[in-house]
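Chemist: Sequence and predicted structure are below.
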Amino acid sequence: MTDALAPHGGTVRTLFMDEARLGQQGTLTRVWARTGSRPAAVKQTKYEWVYLYAAVEPSTGESVALLAPNADTGTMNVFLKMLSAELKPGEHAVLVLDGAGWHGGRKLRVPDNVTCLRLPPYSPELNPVENLWHYLRSHHLSNRAYRDYDHLLDAGSEAWRALTPDVIRSVCRCPYLERAE
């Protein structure tokens, strides 16, 4: 398969992709408090959200991300086009993703330098990007209130920009991938 995907000596990159909904109904996590006092954390009651699409290469920590107002085939097409543009000439990406409805279908436009490979149903533990969502929510997005959509968009953008390749490599480390190499 690798030879067929990388004609003329090109490189095949394996990226894992997923999307997460970041919303005003944020995540509550543990907080420090004085002994004997009750810890306090903010909780929002509004219902706006933004979707963070991301593809990461666990072995290098390289990533591509897109914040969008919804999760659908049109937005997935924009993300795939963006991913394709990020690849160097001669590179081909094998994009491993789950079976969400917008990851397939007649309206999905997969660029020539990208191949989509679906994970088995109900197997989020096989997608290392799931660990990244937990990390972002617990380290950057928890115990906060977001005034409006723009504030939420800014928070998602700041959280993503705070990630480094080393953090991505560490958080997305996956023993089954290391054994496969």
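Modeler: Received it, and whenever you're ready, just let me know what you need.

Chemist: how about Tyr53, secondary structure?
Modeler: When classified by DSSP: H, G, I helix; E, B strand; the rest coil, Tyr53 comes out as strand.

Chemist: Next up, the contacts around it.
Modeler: Met17, Asp18, Glu19, Ala65, Leu66, Leu67, Ala68, Ala71, Thr75, Met76, Phe79 (Cβ atoms under 8 Å, 6 or more residues apart in numbering). Bear in mind the C-beta positions are built from the backbone N, C-alpha and C, glycine included.

Chemist: which of those residues has the most neighbours?
Modeler: Met76 (27 neighbours; other Cβ atoms under 10 Å).

Chemist: For that residue, which non-adjacent residue is closest in space?
Modeler: For Met76, the nearest residue in space outside its immediate sequence neighbours is Trp102; the separation is 4.7 Å by Cβ to Cβ, 6 or more residues apart in numbering.

Chemist: SS state for that neighbour?
Modeler: Put simply, Trp102 is helix when judged by three-state DSSP.

Chemist: before we move on, what about Met17?
Modeler: Classification of Met17 using three-state DSSP returns strand.

Chemist: okay but it is in contact with Ala54, surely?
Modeler: Yes - here Met17 lies in contact with Ala54, judged by Cβ atoms under 8 Å, at a distance of 6.9 Å.

Chemist: quick one: Thr14 and Thr60 touch, right?
Modeler: No - Thr14 sits out of contact with Thr60 when judged by Cβ under 8 Å, with a separation of 10.1 Å.

Chemist: what about the two, which has more around it?
Modeler: When neighbours are counted by other Cβ under 10 Å, Thr14 and Thr60 differ, and Thr14 comes out ahead with 16 against 12.

Chemist: From His92, how far out is that one?
Modeler: Distance of Thr14 to His92, given as Cβ to Cβ, to the nearest Å: 10 Å.

Chemist: picking that back up, show me the contacts of Tyr53 that map onto helices.
Modeler: By the criterion of DSSP state H, membership of the contacts of Tyr53 in helices covers Thr75, Met76, Phe79.

Chemist: can you tell me which residues contact the last one?
Modeler: The one in question is Phe79. Met17, Tyr53, Ala55, Val64, Leu66, Ala68.

Chemist: doesn't Pro121 fall inside a helix?
Modeler: No - assessed by three-state DSSP, Pro121 does not belong to a helix; its assignment is coil.

Chemist: Ignoring the adjacent residues along the chain, who's closest to it?
Modeler: In space, and not counting its chain neighbours, Pro121 is closest to Gly99: 5.7 Å by Cβ to Cβ, 6+ apart.

Chemist: from memory the one you found sits against Leu119, does it?
Modeler: Yes - when contacts are counted by Cβ under 8 Å, Gly99 is listed as touching Leu119 (7.1 Å).
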